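In: What follows is a predicted structure for the sequence shown.
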Amino acid sequence: MVVASTILSMGVIAVSAISTRSLSRVRLNREREVAWDLLDRQLTMIEYVGVDNFLRAGTLEGKFSAVKNMPEYTWQIVLKEHEITGLIRVYAAVAWGEKSHRRQITAQTVMSGTALADAAATDQQTTNPTGATGTGGAGGATTGGTGGGAAGGGG
């Protein structure tokens with residue numbers, strides 16, 4: 001009787017541990033699903049208003065309004081000139097969680113726009129005292145953001 005009770009107890013403990021781990025992973029997967037949805041919405045919004053207008057608005061990071069029963073999600077966009085004129089690389093990141101367990105997903109895409117090249121040309125004309133205009137672009141300089149490219153995976 002004692003041996004049967006011990007085996008039954010160990011089985012119940014094992015099932016409880018597996019259930020707890022499964023619930024934790026389901027929660028994490030749900031958080032990631034929400035993060036990907038928010039990232040997709042942010043990129044869709046940028047595409048809708050146009051990357052040039054988005055850049056002119058000057059907001060390259062922020063917080064999403066509260067998502068019910070989820071942690072706080074923040075977003076960051078980094079824009080860089082593409083090698084092809086008229087295109088801009090868009091690096092997008094969504095982060096969530098506490099500082100000790102901060103999680104992040106990232107994506108990159110290319111959108112049409114000229115605001116970075118226009119800004120670089122304006123800067124170049126301003127810094128050139130002879131009045132000659134240059135033809136170079138920004139050379140991949142990061143515009144806005146709080147540092148670092150957002151490319152790569154995370155989690």
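Out: All right, it came through fine.
In: in the protein, what spans have low per-residue confidence?
Out: 115-155 (pLDDT under 70).
In: Which helix in it has the most residues?
Out: Selection of the longest helix in the chain by residue count, based on DSSP state H, yields helix 2-49.
In: So which elements touch that one?
Out: Using 3 or more C-beta pairs under 8 Å, 6 or more residues apart in numbering; DSSP states H and E, the elements in contact with helix 2-49 are helix 51-57, strand 73-81, strand 87-96, strand 103-112. Glycine gets a C-beta too; all of them are placed from N, C-alpha and C.
In: same thing but 7 Å
Out: The helices and strands touching helix 2-49, judged by 3 or more C-beta pairs under 7 Å, 6 or more residues apart in numbering; DSSP states H and E, are strand 73-81, strand 87-96, strand 103-112.
In: quick one: the first one to chain centroid distance?
Out: In terms of C-alpha atoms, centre = their mean, to the nearest Å, the centre of strand 73-81 is found 6 Å from the chain centre.
In: Compute the inter-axis angle for that strand and strand 103-112.
Out: Put simply, strand 73-81 runs at 40 degrees to strand 103-112, going by axes from the mean of the first three to the mean of the last three C-alpha atoms, to 10 degrees.
In: So which bits of strand 73-81 are buried?
Out: 73, 75-81 (16 or more other C-beta atoms under 10 Å).
In: And residue 49, how far from residue 40?
Out: 15 Å (C-beta to C-beta, to the nearest Å).
In: that older thread, okay if I get the buried residues of strand 73-81 as JSON lines plus distance to residue 20?
Out: Formatted as JSON lines, these follow (distance: C-beta to C-beta, whole Å):
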{"residue": "73", "distance to residue 20": "25"}
{"residue": "75", "distance to residue 20": "31"}
{"residue": "76", "distance to residue 20": "33"}
{"residue": "77", "distance to residue 20": "37"}
{"residue": "78", "distance to residue 20": "38"}
{"residue": "79", "distance to residue 20": "43"}
{"residue": "80", "distance to residue 20": "43"}
{"residue": "81", "distance to residue 20": "49"}
